[in-house]
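In: here is my input; please provide its structure:
(2 chains)
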Amino acid sequence: SQQGEEDPQALSIQEGENATMNCSYKTSINNLQWYRQNSGRGLVHLILIRSNEREKHSGRLRVTLDTSKKSSSLLITASRAADTASYFCATDGAGGTSYGKLTFGQGTILTVHP
Amino acid sequence: EAEVAQSPRYKITEKSQAVAFWCDPISGHATLYWYRQILGQGPELLVQFQDESVVDDSQLPKDRFSAERLKGVDSTLKIQPAELGDSAMYLCASSPGTSGWNEQFFGPGTRLTVL
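Out: This is a model prediction of the structure:
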C-alpha cells in the first residue's frame, strides 16, 4: 500500500523557475527520502532527511520536513530541462521491526520546458 | 561507479507462462529488495533479503511469485504462471545496511508485458 500522497501529480514549468513538490504521509517515520526516476528507468536517490531534522540542502535541492503535519516538500531551484523526471518521496516507518522498508508515494511528474 | 545489474531489460510473455528476472546488487551490499512498479504509481516492495534470508515478503503473492538469493549475492524473482495483471516494471535495489538510514541503489528494471 502507498503511504505517501504527493502533490501535485504533475507540474510543468519553464527552465530557470523553481519547482516545489509536496508529500504527506500517515504514520510515524524514522526518515524520509526523495528519489528521482527518469522515464522508464530505475530510481536515483536524491536526499534523506531524518525525523529530527527540519530542513536539508543538497546543491539545488532543498527538503523540509514537518513531522507534526506529517508532510515534506522538495524544492528544486533554477530548474533545468534535465530535471524533467518523476519524483517520489519514500518513508521509512518508525517503531516495530523496521528493516529499512521504504514505502513510496505516487510521485510527481515534473516537466521543465527549455 | 558500481551499479545494480538487472536482466532482461524487457520481457514479453503470454499469460500462464513462467518468467524469471535476475538481479546482481552492488558488491558488498547485504540487503536486496525487489519492487513492482505499475505504470503511474510508485514502487511497492515485494520482498526484502538480508544476505540470503528473507526479512519481509508480506506483499509477495506467494501462490505465483517466488524469490531466492541462495548465496547472499545475486537474486532471482520468478512468476509462474504469469497473469495479465503482472504487467509492470520490476525493480531491484540494494543497500549496504539493513536500516532505513541507508539510501537504496536501484537497477534499471525489467519491464514485463503479459499478453
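
In: which phi and psi does the spatially closest residue to B:Val54 that is not a sequence neighbour have?
Out: Distance criterion C-beta to C-beta, 6 or more residues apart in numbering or on different chains; nearest residue to B:Val54, sequence neighbours excluded, is B:Val47 at 6.2 Å. (Glycine included, C-beta is placed from N, CA and C.) With angles defined as degrees, to the nearest 10, B:Val47 sits at phi -160, psi 150.

In: center of chain B, which residue is that?
Out: Geometric centre of chain B, nearest residue: B:Trp34, 2.8 Å, by C-alpha atoms, centre = their mean.

In: distance of that residue relative to chain A?
Out: 12 Å (C-beta to the nearest C-beta, to the nearest Å).

In: wait, that residue touches B:Leu46, no?
Out: Yes - if you go by C-beta atoms under 8 Å, B:Trp34 and B:Leu46 touch, sitting 4.5 Å apart.

In: name the residues contacting each of the two.
Out: Counting by C-beta atoms under 8 Å, 6 or more residues apart in numbering or on different chains, the contacts common to B:Trp34 and B:Leu46 are B:Ala67, B:Leu77.

In: in three-state terms, label B:Trp85 for me.
Out: Not quite, residue B:85 is Gly, not Trp. Counting by DSSP: H, G, I helix; E, B strand; the rest coil, the backbone at B:Gly85 sits in helix.

In: show me what contacts the residue nearest to B:Val54?
Out: B:Tyr33, B:Trp34, B:Val54, B:Asp56, B:Asp57, B:Gln59, B:Leu60, B:Ala67, B:Leu77.

In: confidence-wise, which helix or strand of chain B is lowest on average?
Out: The weakest-scoring helix or strand in chain B, judged by mean pLDDT, DSSP states H and E, is strand B:53-56 (a mean of 91).

In: quick check: buried residues in that strand?
Out: Buried residues in strand B:53-56, counted by 16 or more other C-beta atoms under 10 Å in any protein chain shown: B:Val55, B:Asp56.

In: so in terms of bridging, what pairs with the residue of chain A found nearest chain B?
Out: For chain A, the residue closest to chain B is A:Asp92, as judged by C-beta to the nearest C-beta, at 2.8 Å. Bridge pairing for A:Asp92 (DSSP bridges) gives the partners A:Asn31, A:Leu102.
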